[in-house]
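Participant: attaching a predicted model along with its sequence, questions to come.
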There are 2 protein chains.
Amino acid sequence: MLDSYDKAIITILQKNARITNQDLADQVSLSAAPCWRRVKRLEETGVIQHYVALLNPAKIALNTLAYIEVSLTDHTEATMSGFDEFIDSTPEVLECYSVSGQYDYLLRVLVKDNLTLESFLMKKLLRRNIVKASNTFFALNQKKYTTQLVPQD
Amino acid sequence: MLDSYDKAIITILQKNARITNQDLADQVSLSAAPCWRRVKRLEETGVIQHYVALLNPAKIALNTLAYIEVSLTDHTEATMSGFDEFIDSTPEVLECYSVSGQYDYLLRVLVKDNLTLESFLMKKLLRRNIVKASNTFFALNQKKYTTQLVPQD
DNA sequence: AACTAATAGGAAATATTCTTTCTAATTATC
DNA sequence: GATAATTAGAAAGAATATTTCCTATTAGTT
């Protein structure tokens, strides 16, 4: 499905989404036109979902990253959709997964500071009586963070 | 530090890093030149770290996402740097945090399938006798994933 | 293997966008 | 309220994206 040109292209675009088409073409040893067509095709087929700017959280006063495991009080429609609505509408929750194991969900939460995390937990999450149990771990240090995916096959 | 123009600019660039400068300028109600200068300043001051293409993992045969909690056998220099080297050199590990709580680290790992995760664990991680204990939870469903940060203050 | 069809690459022209420069306006400071 | 510093805007020039047309390569069929 993806040949070696495509793989080279997505490897580079995952590092620099704003590279010029000519530079990209040079790096993958194609001329500009076919390189451009391949990028368009990768976009159209959904391999490339979108292009984003990644910010430095500390520079916008977001210094506390935490993972929060959560179990719901029950699994009725009302509880589930209330939780969904909470997740969707809360910008502090960057990621949410339903997970195997003891808890129902794992949340990745980024807030200003530890105090803000406490009030996030108490006011926004636990006060809804949607959550039966939760467990928070703070990310003390980010050792690695990348969005770079390496294609398989 | 960031005024409302800057906030508007980063909000938009976090959604679409490849918007044209003129379109961006229109959306934030500036003319092209000052908008462009603000973007450059946001890049130079490190608020914008870089621009990346985000891929659809399923489209490149990456279907199993797991979080793995890990504790090291000890905290000697050799063990720590061996672990660092493993994290850095392993593309399946997208994120790694040192965390509070029962374990030392939390890893976000993306691989082809469950079988591949098992062999990742057994061959790459546990065989190094660097890890004392680990606990894996599979992400059964991704309910939310965003890189969009909302500036505080 | 030769023919054909389909797919993909390349050169070059055109359209669009970026980037700089210069000037005017706004904001902050004393 | 005057002055300095900062920021916005218009417009020209430079760079880049995108299309078009043509050629080459690949894949499938007989």
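Facilitator: Good, I have the coordinates. Quantities reported herein were computed from a predicted structural model and do not represent experimental measurements.
Participant: quick one: contacts for the residue nearest to the spatial centre of chain A?
Facilitator: Taking C-alpha atoms, centre = their mean, the centroid of chain A lies closest to A:Glu95, which sits 5.7 Å from it. A:Glu95 sits next to A:Leu107, A:Arg108, B:Gln142, B:Lys144, B:Tyr145, B:Thr146 when contact means C-beta atoms under 8 Å, 6 or more residues apart in numbering or on different chains. Heads up, the C-betas are built off the backbone N, CA and C, glycines and all.
Participant: for A:Asp84, same thing?
Facilitator: B:Lys143 are the contacts of A:Asp84 under C-beta under 8 Å, 6+ apart.
Participant: buried set for the helix or strand where it lies?
Facilitator: Assigned by DSSP states H and E, A:Asp84 belongs to helix A:77-89. Going by neighbour count (16 or more other C-beta atoms under 10 Å in any protein chain shown), the buried part of helix A:77-89 is A:Thr79, A:Phe83, A:Phe86, A:Ile87.
Participant: verify the stated contact: A:Leu72 with A:Arg128.
Facilitator: No. Counting by C-beta atoms under 8 Å, A:Arg128 is not a contact partner of A:Leu72; they are 10.2 Å apart.
Participant: so which of the two has more stuff around it?
Facilitator: A:Leu72 (17 against 14; other C-beta atoms under 10 Å in any protein chain shown).
Participant: so who does that one touch?
Facilitator: By C-beta under 8 Å, 6+ apart, the contact list for A:Leu72 reads A:Thr79, A:Met80, A:Phe83, A:Asp104, A:Tyr105, A:Ile130, A:Val131, A:Lys132.
Participant: return the residues of chain A in contact with DNA strand C.
Facilitator: Contact residues (C-beta under 7 Å from any atom of the strand) of chain A with DNA strand C: A:Tyr5, A:Leu30, A:Ser31, A:Ala32, A:Ala33, A:Pro34, A:Arg37, A:Arg38.
Participant: out of the residues you listed, which is nearest to chain B?
Facilitator: A:Arg38 (12.8 Å; C-beta to the nearest C-beta).
Participant: so what's the closest residue to A:Thr73 other than its chain neighbours scoring on pLDDT?
Facilitator: Counting by C-beta to C-beta, 6 or more residues apart in numbering or on different chains, A:Lys132 is the residue found nearest to A:Thr73 once chain neighbours are left out, at 4.6 Å. Predicted confidence (pLDDT) for A:Lys132: 95.
Participant: okay, the angle between the helix or strand containing A:Lys132 and helix A:77-89?
Facilitator: Taking DSSP H and E as the definition, one finds A:Lys132 inside strand A:131-145. Taking axes from the mean of the first three to the mean of the last three C-alpha atoms, to 10 degrees, strand A:131-145 and helix A:77-89 form an angle of 30 degrees between their directions.
Participant: tell me the strands beside strand A:131-145, with direction?
Facilitator: Using DSSP bridges, the strands paired with strand A:131-145 are strand A:64-72 (antiparallel), strand B:93-99 (antiparallel).
Participant: now it: buried residues?
Facilitator: Within strand A:131-145, the residues that count as buried by 16+ other C-beta under 10 Å are A:Val131, A:Thr136, A:Phe137, A:Phe138, A:Ala139, A:Lys143, A:Lys144.
Participant: and for stretch A:34-50?
Facilitator: For stretch A:34-50, the neighbour count (16+ other C-beta under 10 Å) marks A:Cys35, A:Arg38, A:Val39, A:Leu42, A:Glu43, A:Val47, A:Ile48, A:His50 as buried.
Participant: relative to B:Lys59, which of the residues you listed is nearest.
Facilitator: Using C-beta to C-beta, the shortest approach to B:Lys59 within the buried residues of stretch A:34-50 belongs to A:Val47, at 4.6 Å.
Participant: tell me the secondary structure for the nearest residue to the closest one once chain neighbours are set aside?
Facilitator: The shortest distance from A:Val47 to any non-neighbouring residue, by C-beta to C-beta, 6+ apart, is to B:Lys59 (4.6 Å). Following DSSP: H, G, I helix; E, B strand; the rest coil, the label given to B:Lys59 is helix.
Participant: DNA strand D versus the residue nearest to A:Thr73, what's the distance?
Facilitator: In this structure, A:Lys132 and DNA strand D are 49 Å apart, going by C-beta to the nearest atom of the strand, to the nearest Å.
Participant: contacting residues for the residue sitting furthest away from the middle of chain A?
Facilitator: Ranked by distance from the centre of chain A (C-alpha atoms, centre = their mean), the top residue is A:Ser31, with 33.3 Å. A:Ser31 is in contact with A:Ala25, counting by C-beta under 8 Å, 6+ apart.
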